[in-house]
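Colleague: My questions are about this predicted structure, shown below with the sequence.
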Amino acid sequence: MTEKKILVKFILKNSNRFMWTLHGLGMLRLDLGDGYRLNVWNSEYKTPNVSEIHTHPWNLTSTIIVGVMRNHRYYASPSKDPIYNQQVVGCGCEVSELKGTPVQIRLFNTSLSVPTYEAGETYDLTVTQIHRADADDGTVTLMRKTGEPVDAKVFWSKETKWGDAKPCIATPAQVKYITQHSLDTWFND
């Protein structure tokens, strides 16, 4: 078992000792300091009708500790691709608000070639890359954010309403359920 996996296993087994937040994208998050965050994914905790397509306010590198992550990428397109609303979103713990007014943009989804990452693999995203993360339940990622923050953006189909992924403080029961599911699924060594 790698050193990172050993450390993550320790954190998950002692998850009640830490302050976690739960995000509407189906992700339990622990800030580790120095720009590092530990994410434990569980789709049961996705907010219904959440708008999942977004950019980040900083560049990031994400390492898959255990599990499987798929990273659906989208690109602005002048063609006849579907129209989405695009709007700046303010992000932070217990904060999620749209800023300004939405603009319409056509997005091309590269779903024919979705990068898939497994334990030990790493991927990078820049602040301009539009994506939607899709992880197997129990997947744990270690993310490091870098660079100066910029405005993050969210995207949703023009046929629907924006679905907020607002974070909140996770309850002890949520933390226990999500972390135990990850331990049971991926840490059987």
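Modeller: Great, that's in hand.
Colleague: can you give me the strands for this protein?
Modeller: 21-23, 25-33, 36-46, 53-54, 59-66, 68-76, 83-92, 95-109, 116-118, 122-125, 130-135, 140-146, 152-157, 168-169 (DSSP state E).
Colleague: any chance of the ones you listed in a markdown table, plus mean pLDDT and mean neighbour count?
Modeller: Just so you know, the C-beta spots here come from the backbone N, C-alpha and C atoms, and that holds for glycine as well. Shown next, in a markdown table, are the strands of the chain (pLDDT from 0 to 100; neighbours: other C-beta atoms under 10 Å):
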| stretch | mean pLDDT | mean neighbour count |
| --- | --- | --- |
| strand 21-23 | 95 | 20 |
| strand 25-33 | 96 | 18 |
| strand 36-46 | 97 | 19 |
| strand 53-54 | 94 | 20 |
| strand 59-66 | 97 | 20 |
| strand 68-76 | 93 | 17 |
| strand 83-92 | 80 | 18 |
| strand 95-109 | 81 | 13 |
| strand 116-118 | 96 | 15 |
| strand 122-125 | 96 | 15 |
| strand 130-135 | 95 | 20 |
| strand 140-146 | 96 | 19 |
| strand 152-157 | 91 | 19 |
| strand 168-169 | 93 | 12 |
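Colleague: Next, format these as CSV and append distance to L7.
Modeller: What follows is these, written out as CSV (distance: least, C-beta to C-beta, whole Å):
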stretch, distance to L7
strand 21-23, 20
strand 25-33, 10
strand 36-46, 9
strand 53-54, 28
strand 59-66, 9
strand 68-76, 19
strand 83-92, 26
strand 95-109, 29
strand 116-118, 19
strand 122-125, 16
strand 130-135, 19
strand 140-146, 9
strand 152-157, 28
strand 168-169, 23
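Colleague: closest one to N14 among the ones you listed?
Modeller: Smallest distance to N14 across the strands of the chain (C-beta to C-beta): 11.2 Å, for strand 25-33.
Colleague: now the angle from that closest one to strand 140-146?
Modeller: Strand 25-33 runs at 60 degrees relative to strand 140-146, counting by axes from the mean of the first three to the mean of the last three C-alpha atoms, to 10 degrees.
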